[in-house]
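Peer 1: Okay, here's the prediction I keep looking at, along with the sequence it came from:
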Amino acid sequence: MKITKLTIISGVMLFLIGATHTSCSDALDLSPIDYYGSGSYWKTEAHATGYIDGIHKHLRDAAWQHTIVFGELRGGHYVSGTSGDGSSVYNGSIIQQNFDANNTGVSKFGDLFGRITNCNLFIARVTDADYIPEAKKNYYLGMVYGIRAFYYFDLYRIYGGVPLRLGVEVIDGELDPTKLYMPRAKASEVMTQIKSDLQKSLDYFGDVNDFNPYGLGKKVYWNKAATESLIGEVYLWNAKVSTGDNAAKQADLTVAKQHLENVTKNYGLKMLTDFSKVFDAKNKANDEIIFAIRYAEGEASNAVNQYIYNVGTGQTNKNAYLEDGTLFNDPLNIATSSSQQRYEYTKKFFEIFDMKDSRRNATFLPSYNKDSQGNLVYRGVSTIKNIGLENSNGIRQWVGDFIFYRLPWVYLSLAEIANMEGNDPKVEEYINLVRQRAYGANWAPEFAFTAGNFTTNELAILKEKDKEFVQEGQRWWDLRRMTLTKGGKPLVFTTEGSFEGTPVLNEATEAHKVLWPLDKSLLDNDDALEQTPGY
Amino acid sequence: MLWNLMKLNESNKFLLEKGWKTMTDPINTNDQLIYRETDIAKYSFVDPSMTQDYNLNMSGGNDRGNYYAGLGYNHSEGLPITSFYKRYSFIFNGGYKVTDWLKTNSNFNYNRANWQSMPPTQTSEANYFGRIQSVPPTARFEDEDGNMLLGSNSGDGNQSYQSDRFKRDNQTDKFTMIQSAEAKLLQNLTLRASAQWYYEEGFYESFNRDYETNPGKWNRTRSTSAQFDRDFSQTYNATLNYNRLFAGKHNLDALLGTEYFDKENKGFSASGSGAPTDDFWDLGLTETEENKRSIDSWHSQYRILSYFGRVNYDYLGKYLLSGVFRYDGYSSLLGDNRWGFFPGLSAGWIFGNEDFVKENLPVLSFGKLRSSFGVNGNASGIGSYTLQGAYNPQTYNGRTGFLIGILPNPGLRWEKTRTFEVGADVSFFENKLNANLTYYSRLTMDKYAAFALPSTTGFSSITNNNGEFRNRGLELELSGRIIQTKDFSWEMKGNITYNKNRIISLPNNGLERNRQGGSEIYTGKKITDPQTGLEVDEKIFVGGYQEGQEPGLMVGYQFQGIYKGVDEIPGNLVVKTGNDQGKYQYGPAAYAALTDAQKSRAILIEPGDAKWKDINGDGMIDNFDRIVIGNTIPRWTGGFNTTFKYGNFMLYGRFDFGLGFWTYDNTTPWFLGAMQGTYNTTTDVFNTWTPENPNAKYPRYVWADQLGTGNVNRPSTLFAYKGDYLSFREISLAYSLPETLAKRLYMQAMNVSITGQNLGYLTAAPVASPERSIGAGVASGTGYGLPRTLLLGINLTF
């Protein structure tokens, strides 16, 4: 082997010099290969469009919390303790209104600020972007302002005043906590911000009423009709509910009415004739849907399997009977699908439905025991309204869309406005529109609603909403917003608003509980935040 | 027939002749129940499980070259059925002296491993060893003809029933190739260079045949998936070494080097379901419908470039001085923070070589004083691209979208540890007795940790340089041959370390002591509120991270015994915590004063309930009425081993210990609280309070304690234990055949041994593994220890 020392030495020298040289240039500069680092995003139209999909996925992640946790669990119509299937139910402290400094229901503002930050980021990066056609950009901004208002409206109704974070300081590199702490704004300031975002959303949407102008998907992306529905909801709320320093402002009714009427007229919406078809997973985005959150097999499941009996460990399937007296025997054929009863509506709530109302059997699957005489005795109820479909392997996929707004909701909101305006014929008209569809072929004039005084009308609207919107997140908000007399006591403090004979909240001792407390760890670690009054 | 116990009646009476047993129904005492007693473990574990290990080695060489080659095979059965590990290995090592100044060495190494874990119906070992083993023994896992039955369902039922329905194939192949060369360029100058390639590949396949989820109900999804993953690492390095003795007294040894490291990872995976039959796991057979298949691939790469050097100098072999440096650049760190310079300096004095010591202390065979100071850097644990931030893909409505996932943090600096050590090494009686004593103080600066951001920013935390931590301690190591005769010897070796951690500084976050986390508790003192002038309870934050304090505190309620009668319960007591539904618990008078509506959301405290210390004495137990129970990190750690030899027998023992810390038994409360009703309980139930057993250790046994008074469902001193332990890690007895005898059997040597591993602990804490630091809390089935192993070995050398 002929290798001279000189060759080796010079080889080594070259290697050392080479290594030293590359170190100064780019050998160590590596960028992510499969995804965007923060330096390479916000460069193309595809980035903006992709973010719209991302923001809707993020909204889906919060859909359960918005609909069930915030909108329903405190309605006084949920079982606490143990379900009819024998499993222990979740969120007992929320269902029982046991809120204090240690039991806060959710923590960290329900993680809504992460979602808001993504909206803020979109607004910050896209508003002045020149890589996307103006019309499309405006439509996207209309969506994002609408969604941001939607989040802040949830926060407003849950906490009253909350920090108003509209910028992206932390993404722009500010990591010093002392510069990032933000105190709670006044309730009135939050309401002003919500209204301003809604106006911006409306302005950006312009005259685009189409549910799918850019081919992303029909009715499963935020749209102008959704913004108008939310305007109706916000202004109706603000017309009736005082929070913190923000007193109810009846004049807001006019705005609410105008936009809700727009929704009924301008978007080609109509109610389906068959109530159960509204939730048919093969009939999604149908004519009465305004905005729904999409669930799909292989993508995401809507978690309503937590309202259903379990074949393996549950007691229903082993011991119970169906309404017709036959053995229960897994009527939904879900033995191999995942289900576990963690939530259940109360018997008294189930009993408000009458047999001729098609909503009863489209919503519930009751189970019964037999007493010693062989009579059926109520045992419990599974909720089957929105349970998706069975896939080709015979396994149920819990992929029903979560509907945020649909036409009957607009009608019943308009009924509530009409009641505030003392317009009885309109109250009747709207309630009966919804009710007649529900009774379908069973409809008879005796089922029609006849207006009475404010209280009768208000309670009738509540009852209609209770039946129409099971699992659609209305009742808690209804109890807080609707009143026994015009401008009077919210139903949440009245026996009329309860199924149990005592008010859902005791006004004398629990008035502060209409708002939720902040969790201890949030307060302990953020000096700028103060606890919700009363806790 | 049901999978569990039944009421005894005429139609099932015959089972009594087939091994079934009866008992009185504890609820309807008129009824007799019939059940079959099942040993759950028998269906879950392979006991004993066998391990086999074979090695075949060859070597040879002459004055110019040498080689070594080896083959190995290992097959270990695991404890859970279906679990096993197999390893095949091959090694080749060859060196050759090309010329008198050039040597080359080549190395090839191959390792293949195949394994399977627990039955795939299980996702966590804790469940397998804990929860599943507590299925009531009345569950029926076999019919009268000895056929297997499922039990309640696939997750909790009989694990042996259908483990063959789940096909798994896991394999990794690892190849190492090293070529190195050493050239003696000048008399005192040596160049060493090497190139190393390392391939690590994994191929993983899984397939579920149709399996029974509940009796009679089948899952026919037929999920199948495959994944391939490859790492390829390349290392190239070169060092120049200069070594020379000057004037017979000054010894100099210097080294300068550089190294370049590059690691690439890539892989892909695919999965699908719904094949027409469950006979094949071919992905091509899965259904093509939308969302039924998924695919993915991934790539990443990172690089390290280093320069390093070292100079050792000694004078007469007595006075030592050494300096080192490293200059490292990591591709995962960005911009100006990428490169770190880490120097070190050490000095030593071998005083044992001094003449005056030799004269005055003849028993001292070696003596050295040493001291060092240096800085080390750490850039591991930072993902290849983490600091560049990330926009992560999201799927909505079948479309791929993006959301910001990771915040960029280009300002992250190297984590540096500054270590100061001073110590002495001494040996006596011709090195029969050795002792080392070291004092160390380590200051970790810019420590990597999740740094909390205000949650209203939308981000919970970011990996950031999070303050300075110090650990300081004293380490003592002793070893010696205590007895040494011709036939008998006894050696011992042990070490013990005292260590204490302290947080020196934390980034400013505007809170007192820049606290991160922690719990607020009453001190029990009253102070005057400076604003209102009123007397209020003093509260302090304990635990979490706070400047000047020690991390890792356990905080909980002080258990003060059990209320033995109604009269012992303070009438107006209110306990606000412990109930998972947020229900308050009331003393008898307070409860009686509630309305019916309020009672439905309240719980009455009864005899048998725990008595908690009311720190501020306000008649209310809330979150602030907790105490610091103690630290969860051992102050003292260490171990020792001992070897006895007598003739051809050897007895070896290895022990380790940890002292001065607290641990928490979080398994017992799960059982004692009947927190999930479908499982069996433990015999501790006999030690719970009843009117007949008023002096029991534990509060009354109720169904779902977490929905009741929360006697066991809260961190408290009742389940906190001093964790001091001594572990019997290994004891082994070996016998080697006398050489003459072995030769007659055509062997060079033969060795027989019996070894027991993880034999047990000497500890007061009833936890499975006291060496694991456990915080306060309740968990299902965390209670399993390291398996106790008994190894029988025969070692033959030809």
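Peer 2: Perfect, I can see it now. Quick caveat: nothing in here was measured; it's all calculated off a predicted structure.

Peer 1: use CA for all of it now, contacts and neighbours both
Peer 2: Fine.

Peer 1: Bridged to B:Leu651, which residues?
Peer 2: B:Phe644, B:Leu733 (DSSP bridges).

Peer 1: and it, how many neighbours?
Peer 2: 18 (other CA atoms under 10 Å in any protein chain shown).

Peer 1: same question, A:Ser413
Peer 2: A:Ser413 has 24 nearby residues by other CA under 10 Å.

Peer 1: which residues sit in contact with it?
Peer 2: Shown in contact with A:Ser413 (CA atoms under 8 Å, 6 or more residues apart in numbering or on different chains): A:232-233, A:260.

Peer 1: That one and chain B, how far apart?
Peer 2: A:Ser413 sits at a distance of 29 Å from chain B (criterion: CA to the nearest CA, to the nearest Å).

Peer 1: One more: A:Glu507?
Peer 2: 13 Å.

Peer 1: Excluding chain neighbours, give the residue nearest to B:Arg220 in space.
Peer 2: Leaving aside its sequence neighbours, B:Arg220 sits nearest to B:Asp210 (CA to CA, 6 or more residues apart in numbering or on different chains; 4.7 Å).

Peer 1: what helices or strands is the helix or strand containing A:Lys195 leaning on?
Peer 2: According to DSSP states H and E, A:Lys195 maps onto helix A:187-205. Where contact means 3 or more CA pairs under 8 Å, 6 or more residues apart in numbering or on different chains; DSSP states H and E, helix A:187-205 is packed against helix A:134-159, helix A:224-240.

Peer 1: so which of these gets nearest A:Ser338?
Peer 2: Taking CA to CA, helix A:134-159 is the member of those nearest to A:Ser338, at 30.2 Å.

Peer 1: Can you name the next helix or strand after the closest one?
Peer 2: Following helix A:134-159 toward the C-terminus (DSSP H and E): helix A:177-180.

Peer 1: Would you mind listing the buried residues in that next one?
Peer 2: A:177-178, A:180 (16 or more other CA atoms under 10 Å in any protein chain shown).

Peer 1: got it, and stretch A:487-503?
Peer 2: A:490-499, A:503.

Peer 1: What residues does the stretch 201-350 of chain A have near chain B?
Peer 2: Residues of the stretch 201-350 of chain A found near chain B (CA under 8 Å from any CA of the partner chain) are A:217, A:220, A:294-299, A:311-313, A:335-336.

Peer 1: how about a cut-off of 6 Å?
Peer 2: Residues of the stretch 201-350 of chain A lying near chain B by CA under 6 Å from any CA of the partner chain: A:298, A:312, A:336.

Peer 1: for the last one, what are its contacts?
Peer 2: Taking CA atoms under 6 Å, 6 or more residues apart in numbering or on different chains as the contact definition, A:Thr336 lies against B:Asn219.

Peer 1: same thing but 10 Å
Peer 2: Taking CA atoms under 10 Å, 6 or more residues apart in numbering or on different chains, we find A:Thr336 in contact with A:310-312, A:394-396, B:211-214, B:217-221.

Peer 1: cool, and B:Lys743?
Peer 2: Here B:Lys743 is in contact with B:737, B:749-750, B:798 (criterion: CA under 10 Å, 6+ apart).

Peer 1: Include pLDDT, neighbour count and secondary structure when you put those into CSV, please.
Peer 2: Converted to CSV, those look like this (pLDDT from 0 to 100; neighbours: other CA atoms under 10 Å in any protein chain shown; DSSP: H, G, I helix; E, B strand; the rest coil):
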residue, pLDDT, neighbour count, secondary structure
B:Leu737, 88, 15, coil
B:Ala749, 85, 18, strand
B:Met750, 87, 19, strand
B:Phe798, 75, 12, coil
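
Peer 1: ok, of the residues you listed, which one's closest to chain A?
Peer 2: Chain A has its nearest neighbour among those in B:Phe798, at 37.3 Å by CA to the nearest CA.

Peer 1: what number of residues lie near A:Glu351?
Peer 2: Using other CA under 10 Å, A:Glu351 has 10 other residues around it.

Peer 1: and the gap between it and A:Gly380?
Peer 2: 11 Å (CA to CA, to the nearest Å).

Peer 1: Likewise for A:Val144?
Peer 2: Taken as CA to CA, the span from A:Val144 to A:Gly380 is 42 Å.

Peer 1: Between these two, point out the one with more neighbours.
Peer 2: A:Val144 (28 against 24).

Peer 1: Mind checking which residue lies nearest the centre of chain A?
Peer 2: For chain A, the residue nearest the mean C-alpha position is A:His66 (3.2 Å; CA atoms, centre = their mean).

Peer 1: SS state for that residue?
Peer 2: Recorded secondary structure, A:His66: helix (DSSP: H, G, I helix; E, B strand; the rest coil).

Peer 1: Show the pLDDT at it.
Peer 2: pLDDT recorded at A:His66 is 98.

Peer 1: Does it touch A:Leu59 like I think?
Peer 2: Yes - using CA atoms under 10 Å, A:His66 is in contact with A:Leu59, at 9.3 Å.

Peer 1: tally of neighbours for the closest residue to chain A within the stretch 401-550 of chain B?
Peer 2: In the stretch 401-550 of chain B, the residue that lies nearest chain A is B:Gly458 (3.5 Å; CA to the nearest CA). B:Gly458 has 21 neighbouring residues, counting by other CA under 10 Å.

Peer 1: quick one on the thing from earlier: of the contacts of A:Thr336, just the buried ones, PyMOL syntax please.
Peer 2: Entered in PyMOL, the line below selects the buried ones among the contacts of A:Thr336, by 16+ other CA under 10 Å:
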select buried, (chain A and resi 310+311+312+394+395+396) or (chain B and resi 211+212+213+214+217+219+220+221)
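
Peer 1: What about the contacts of A:Thr336, which are in strands?
Peer 2: A:396, B:211-214, B:217-219 (DSSP state E).

Peer 1: Among those, which one lies nearest to B:Lys564?
Peer 2: Using CA to CA, the ones in strands among the contacts of A:Thr336 come closest to B:Lys564 at B:Asn214, 44.5 Å.

Peer 1: out of everything not next to it in sequence, what's closest to the closest one?
Peer 2: B:Asn214's closest residue in space is B:Asn153 (CA to CA, 6+ apart), at 4.5 Å.

Peer 1: who touches that neighbour in this structure?
Peer 2: A:311-313, B:3, B:121, B:159, B:212-217.

Peer 1: Quick check: beta-bridge partners of B:Ser519?
Peer 2: Here B:Ser519, judged by DSSP bridges, has bridge partners B:Val542.

Peer 1: you'd agree it is up against A:Leu522?
Peer 2: No - assessed by CA under 10 Å, B:Ser519 is found out of contact with A:Leu522, at 11.8 Å.

Peer 1: B:Trp197 falls within a strand, correct?
Peer 2: Yes - judged by three-state DSSP, B:Trp197 forms part of a strand.

Peer 1: Surely it touches B:Ile178?
Peer 2: Yes - counting by CA under 10 Å, B:Ile178 is a contact partner of B:Trp197 at 6.4 Å.

Peer 1: which parts of the host helix or strand of B:Thr497 are buried?
Peer 2: B:Thr497 is part of strand B:488-505, with elements assigned from DSSP H and E. Buried residues in strand B:488-505, counted by 16+ other CA under 10 Å: B:489-505.

Peer 1: pLDDT score assigned to B:Ala379?
Peer 2: 88.

Peer 1: give me every residue that touches residue 461.
Peer 2: Since no chain was named, I'll use chain A. A:412-413, A:415-416, A:419, A:427-428, A:430-431, A:449, A:455, A:478, A:482.

Peer 1: my bad, the chain I had in mind was chain B
Peer 2: Contacts of B:Ser461 (CA under 10 Å, 6+ apart): A:175, B:406-407, B:449-455.
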